[in-house]
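> Model the structure of this input:
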Amino acid sequence: MKLNFPPRRPQTYISTNGITMLTRHNPYVILWISASFPGFGHFVLNMYLRGALLSVGEVIINTLAHINEAMVFTFCGQFDRAAAIIDPTWIYGYLIIYFWGMFDSYRSSLEVNKLARLAEMENARIRPFNISRVCLQYIEMKKPVVAAVCSFFFPGLGQLYNHRIDLAFWGIIWWWIYVGKSHLYDAVLALINGNIALSTTMLDPHWLLFMPSVLGGAIYHAHLQAGDHNRLFRLECRQYLAERYQDTGEELIWRKEEQACLS
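Residues are numbered from 1 along each chain as shown. Just a heads-up that it's a prediction; the model follows:
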């Protein structure tokens, strides 16, 4: 009698919020992403709550400690102003959380790689879609370039293209906050109209410095997730075909072997 136990390590989980999966990553890439913006390495590892906590902590503590402003003064050679604007009350905690986020993302990537390998060996059956009252989620072939381009024009849209609803909402809301606080779009419009001095004075460097890391992280994550979805789609197809046509395949192999013996 064959017992059907639930899979010990499923490779994927499809919910209303999107597709969560076990995939292998280069730990050094994860470490670099976490260094560029705390929490982003955890987003790539599908650890969304941990990533959200670290990214919010980065924005809040960075703002209270005036780290971005100090970086701008340092780049301009104004070291006295950089030292004066830093708030020592918050800088110590910021450094601890920053380096802990890098350490934890690197450590987690090593463990996730092991779990992903074990899940691949177990090869549990993948559910191709999930139907709920509010959303239809399914595995399909994606175009990684399209996902990256969507996030390039507006971070969060690439995640929406990949059906990652919660992260898309998170990215879109925060990008609007960065745009509004930094006055980037207003400054670009003033620059197009030829008002270079006005464009420069309108920018808020504190919020502007967040944006390159956010934009790059959103593009990388969207491109990576689209590729992972493609691999997941092909794996599910292989599982289905092997399960559906297993007996037929064995019969064809037996016939070929029989013909080889008789010839």
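
> Pull the contacting residues for A83.
A70 (Cβ atoms under 8 Å, 6 or more residues apart in numbering). In short, each C-beta sits where N, CA and C put it, glycine included.

> what are the phi and psi angles of it?
For A83, the backbone dihedrals (degrees, to the nearest 10) come out as phi -70, psi -30.

> Double-check that Y13 belongs to a strand.
Yes. Counting by DSSP: H, G, I helix; E, B strand; the rest coil, Y13 is part of a strand.

> Just give the closest residue to it, not the sequence neighbours.
T20 (4.7 Å; Cβ to Cβ, 6 or more residues apart in numbering).

> Which strand or helix spans that neighbour?
Assigned by DSSP states H and E, T20 belongs to strand 18-21.

> So for that strand, mean pLDDT?
Mean pLDDT, computed over strand 18-21, is 89.

> got it, and stretch 86-100?
pLDDT averaged over stretch 86-100 gives 90.

> what does the strand holding T20 rub up against?
Against strand 18-21 from outside (Cβ under 8 Å, 6+ apart): 11-14, 46, 137, 139, 162-167, 228-229, 232.

> ok, back up a step: next, find the distance separating the residue nearest to Y13 from H229.
12 Å (Cβ to Cβ, to the nearest Å).

> try P6
In terms of Cβ to Cβ, P6 sits 24 Å off from H229.

> Y161 against K142, yeah?
Yes. Between Y161 and K142 there is a contact under Cβ atoms under 8 Å: 7.3 Å.

> can you pull out the strands in the stretch 51-200 of the chain?
Using DSSP state E, counting those that start in this stretch, the strands of the stretch 51-200 of the chain run over 129-131, 136-138.

> Just name the most buried of those strands.
Neighbour counts (mean count of other Cβ atoms under 10 Å) averaged over each of these peak at strand 136-138, with a mean of 14.

> what's that strand packed up against?
With contacts defined as 3 or more Cβ pairs under 8 Å, 6 or more residues apart in numbering; DSSP states H and E, strand 136-138 has these neighbours: strand 12-15, strand 129-131.

> wait, which of those is closest to V188?
The minimum distance between V188 and the helices and strands packed on strand 136-138 falls on strand 12-15, with 38.0 Å, by Cβ to Cβ.

> weakest of the strands of the stretch 51-200 of the chain by average pLDDT?
Minimum mean pLDDT among those: strand 129-131, a mean of 85.

> Neighbouring strands - and their directions - for that one?
strand 136-138 (antiparallel) (DSSP bridges).

> And L232, how close does it get to F129?
According to Cβ to Cβ, L232 and F129 sit 12 Å apart.

> which residues do these two both contact?
With Cβ under 8 Å, 6+ apart as the test, L232 and F129 both reach I139.

> all helices of the stretch 101-250 of the chain, in order?
Under the criterion DSSP state H, counting those that start in this stretch, the stretch 101-250 of the chain carries helices at the ranges 144-153, 157-161, 165-182, 184-192, 196-202, 205-208, 210-244, 246-262.

> and the third one, what does it pack onto?
The criterion is 3+ Cβ pairs under 8 Å, 6+ apart, and the helices and strands that helix 165-182 contacts are strand 18-21, helix 48-65, helix 157-161, helix 205-208, helix 210-244.

> still on that earlier bit, tell me the buried residues in the strand holding T20?
Neighbour-count burial for strand 18-21, counted by 16 or more other Cβ atoms under 10 Å, picks out 18-19, 21.

> Could you do stretch 73-85 as well?
Applying 16+ other Cβ under 10 Å to stretch 73-85 flags 73, 82 as buried.
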